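Undergrad: Here is a sequence with its predicted model. Questions after.
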Amino acid sequence: MPPRFPIDGAVYRPAAEAESYFASGSWYRGTAGDLLRAAAAAVPGKAAVIGETGTLTFRELDERSESLAAALIASGLRPGDRALFQCGSNAEIFVALYGCFKAGVLPVCSLPQFREIEIGQLAARTQPKAYFVQADVHPAFDQAAFARGMQAVHGITHLVVINGDAAAGEHSMDEMSRRYGANEAREIVAPWDPSPEDLLQLQLSGGSTGLPKVIPKFHGEYLGSVQALNRRFGIDQDDVTLWALPLIHNAGMLYVVMPTVLYRRTNVVQSRFDIRSFLEAIGTHRVTFTGSIGPVASRILEVADIERYDMSSLRQFFALAQAGAVEAHTGIPASNMFGITEGMYTVSSLDDPLEARHGTVGYPIDEANTIRLAAPETGDEVPLGDVGELTFAGPHIFTGYFNDPDANAASFTSDGFFRTGDLMRAIVIDGKPRYAFAGRLKDNINRGGEKFGAEEVENLIARHPAVAEARVVAMPDKHLGERACAYLILRPGRRAPDLAELGAFLAGFGLAKYKFPERLETIAEFPVTRVGKVDKAALRAHVARLINEEAVVGVEA
């Protein structure tokens, strides 16, 4: 079925190509809302989400999200309208997301940490009509008041408050999700049911500078990715998943939110990551599957008394880079994986050799997706074993950024392969090419799974009165993978700001705190490459060497 509600700014597959993906099984011939309705009919009393404030059964999730969808339609929103999300990880976000999925309203997946800069960029790119905000997401910050300010600045018509009081003219999600009975809600929503080729949500690409790059996700395509990922891991309706990371991210959607309805699976969600609570939850809820897109793996490795926790139910664990160490420490089978919101996901299966699970990030979850490692300078495919830029094409690869023709023109090769800016090497194990991550070309920093562009931060630091020039690079961190280090050239006679002063300066622009530099180094001049560009590789190597030397001194002391 073609899209019922096509939207300007999204790039759709030709009809024949889309049908071939449905026919092959790479795409799922269904929608998220219909899958939830079917799950509620089949297993109404089964727990869908176990959160810190209670449990939602499949029936409750279905009925509450159906009422919310009907209330959104009744409020004047229509399929294709965009809704900014600033919510944490809890049971309520499932109601909010599935209410939007059913109504065809498109969640714009942002983070509670975003401030004026990031919300302003997203509003400019997506033109939202609605704004979902969780009032109690952080005890020290009034998220609802912030959202009201952004609503006024950007002309957003609908503010929906989660876990808090709605003011006059606003909407309470709790009230909206209980306003209608199941049958009445379904009658209101049915005329607006999307098709599998309609848009489901808008995700964010990591590391954008200026206006963010926004990635459209479609019902059938996204559900197909989820199905392929779960096949590779060998998990189904009998598994229980634990998640203590942002659910709104692409990873949270793929591993938790979407499999909930596709596999009728129970998910345990925690609003904040604490390693002891995380490990205790595994035994309490008999968790079988979890993983790390951030600090989870490194924190597990620090638990010296790991044997005190009952992890006998846990069948497997995934990580970005520390699978071997986690498996050695816990005895739980673990695999490294790679994922990019633009649509390529690679991982090994449990029956793959240890060297593949630990020494590579696996291979594409759907082998209809094609990887080509290319020489960055020429675009030619590199010989087996050499490092090249990861490029890919196939049924799960996005078709283009939302409302961004310039980025699309620059991001794809002439034959339709997406250029990631990530470097990989192909390694043949048991006759199959597997892929090992080898760095990146893009000037991004990945802080515990939250990616951001260095240039955005550099441009703001350079406005500080003491700073003549600034360069921001990634420095290694054992918990988060990377943090930001700023190298500063000072103006004559000026004193360098300390971290607190620089943080306050950046906060004044409305920059999200996780982008703040966490180390400062002053320098007389930047190293340069042969062609006269600032040599950021040299800066990264320098700060890594400093951190290593400091660690050695700390041990000796």
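TA: It's in.

Undergrad: Number of residues surrounding the residue lying closest to residue 379 once chain neighbours are set aside?
TA: Nearest-residue entry for residue 379: residue 413, 6.3 Å, with adjacent residues in sequence omitted and distances by C-beta to C-beta, 6 or more residues apart in numbering. (C-beta placed from N, C-alpha, C; glycine too.) Using other C-beta atoms under 10 Å as the criterion, residue 413 is surrounded by 13 other residues.

Undergrad: Dihedrals phi and psi, residue 413?
TA: Backbone torsions for residue 413, taken as degrees, to the nearest 10, come to phi -70, psi 170.

Undergrad: Residue 273 touches residue 242, doesn't it?
TA: No. Using C-beta atoms under 8 Å, residue 273 is not in contact with residue 242; the gap is 10.7 Å.

Undergrad: More neighbours: which of those two?
TA: residue 242 (23 against 17).

Undergrad: what's downstream of the helix or strand containing that one, the next helix or strand?
TA: Using DSSP states H and E, the element containing residue 242 is strand 240-243. For strand 240-243, the succeeding helix or strand toward the C-terminus, using DSSP H and E, is helix 250-252.

Undergrad: Buried residues in whichever helix or strand comes after that next one, which are they?
TA: Downstream of helix 250-252, the first helix or strand assigned by DSSP H and E is helix 258-262. Judged by neighbour count (16 or more other C-beta atoms under 10 Å), helix 258-262 contains these buried residues: 258, 259, 260, 261, 262.

Undergrad: Run through who's touching helix 258-262.
TA: Contact partners of helix 258-262, identified using C-beta atoms under 8 Å, 6 or more residues apart in numbering, comprise 28, 32, 35-36, 38-39, 48-49, 94, 98, 222-223, 226-227, 230, 235, 241, 265, 267.

Undergrad: Would you mark the buried spots in stretch 398-412?
TA: Buried residues in stretch 398-412 (16+ other C-beta under 10 Å): 398, 399, 400, 401, 402, 403, 404, 407, 408, 411, 412.

Undergrad: Dump those residues to TSV, plus distance to residue 2 and secondary structure.
TA: Converted to TSV, these look like this (distance: C-beta to C-beta, whole Å; DSSP: H, G, I helix; E, B strand; the rest coil):
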residue	distance to residue 2	secondary structure
398	19	coil
399	15	coil
400	18	coil
401	22	coil
402	19	coil
403	21	coil
404	23	coil
407	26	helix
408	22	helix
411	25	helix
412	23	strand
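
Undergrad: Would you mind giving these as JSON lines with pLDDT added?
TA: Shown next, in JSON lines, are those (pLDDT from 0 to 100):
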{"residue": "398", "pLDDT": "96"}
{"residue": "399", "pLDDT": "94"}
{"residue": "400", "pLDDT": "96"}
{"residue": "401", "pLDDT": "97"}
{"residue": "402", "pLDDT": "97"}
{"residue": "403", "pLDDT": "94"}
{"residue": "404", "pLDDT": "94"}
{"residue": "407", "pLDDT": "93"}
{"residue": "408", "pLDDT": "95"}
{"residue": "411", "pLDDT": "94"}
{"residue": "412", "pLDDT": "95"}
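
Undergrad: For those, which two are the farthest from each other?
TA: Taking C-beta to C-beta as the measure, the buried residues of stretch 398-412 span a maximum distance of 16.3 Å, between 403 and 412.

Undergrad: where does residue 152 land in three-state SS?
TA: helix (DSSP: H, G, I helix; E, B strand; the rest coil).
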